[in-house]
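Visitor: okay, here's the prediction I keep looking at, along with the sequence it came from:
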Amino acid sequence: MIARLVPTPTPARAAAILREAFGSLPGPFVFRLWDGTEVRFGAGAPVGTAVIKSPETFVRLLRDPSPGHFAEAYVGSAIDLEGDLFAMMHVANAVEEMRLSAWQKARLLLSMWRR
């Protein structure tokens with residue numbers, strides 16, 4: 001059997017990666033994973049929720065967490081956005097300003113092998 005180059009992350013591992021990668025997001029905002037696991041940022045009621053429908057979508061977005069890739073995933077129905085889209089714009093702006101170095105991306109992708 002040939003091993004995959006990038007493993008399928010468990011929901012718990014994906015949640016830990018989201019917390020590390022998006023920990024600076026202005027809250028309140030939620031990511032909901034394919035199994036229903038919610039990763040919350042900020043205090044209070046969330047302005048919106050990004051529903052990531054599959055581990056494969058999670059990996060694609062982690063490789064390049066740009067607004068363009070989130071938009072492509074949304075248009076392609078790989079993610080859903082729940083809530084007031086206008087209220088979520090400050091989150092989208094923060095994602096656009098995020099910069100993960102090649103080292104950070106590699107480290108986060110490699111961390112998917114941890115259980």
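Guide: Thanks, I have it.
Visitor: and the pLDDT at the residue most central in space within the chain?
Guide: Nearest to the mean C-alpha position of the chain, counting by Cα atoms, centre = their mean, stands L18 at 5.5 Å. With respect to pLDDT, L18 has a value of 88.
Visitor: I'd say it and T37 touch.
Guide: No: taking Cβ atoms under 8 Å as the definition, L18 is not a contact partner of T37, at 9.5 Å. The C-beta positions use only the backbone N, C-alpha and C, and glycine is treated the same way.
Visitor: longest helix anywhere in this protein?
Guide: helix 11-21 (DSSP state H).
Visitor: could you say what helices and strands that one packs with?
Guide: strand 38-41, helix 55-63, helix 102-110 (3 or more Cβ pairs under 8 Å, 6 or more residues apart in numbering; DSSP states H and E).
Visitor: just put these in CSV and tack on distance to Y74, mean pLDDT and mean neighbour count.
Guide: Formatted as CSV, the helices and strands packed on helix 11-21 follow (distance: least, Cβ to Cβ, whole Å; pLDDT from 0 to 100; neighbours: other Cβ atoms under 10 Å):
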stretch, distance to Y74, mean pLDDT, mean neighbour count
strand 38-41, 18, 93, 16
helix 55-63, 10, 87, 19
helix 102-110, 21, 70, 12
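Visitor: what residues are up against F70?
Guide: Listed by Cβ atoms under 8 Å, 6 or more residues apart in numbering, the contact set of F70 reads A50, L61, I79, A92, V95.
Visitor: sorry, that was for E96
Guide: Neighbour list for E96: S66, P67 [criterion: Cβ under 8 Å, 6+ apart].
Visitor: pLDDT score for it?
Guide: pLDDT for E96: 72.
Visitor: so where does it fall, helix or strand?
Guide: With secondary structure defined by DSSP states H and E, E96 is part of helix 89-97.
Visitor: ok and that helix relative to helix 11-21, angle-wise?
Guide: In terms of direction (axes from the mean of the first three to the mean of the last three Cα atoms, to 10 degrees), helix 89-97 departs from helix 11-21 by 80 degrees.
Visitor: right, I'll call it a day here.
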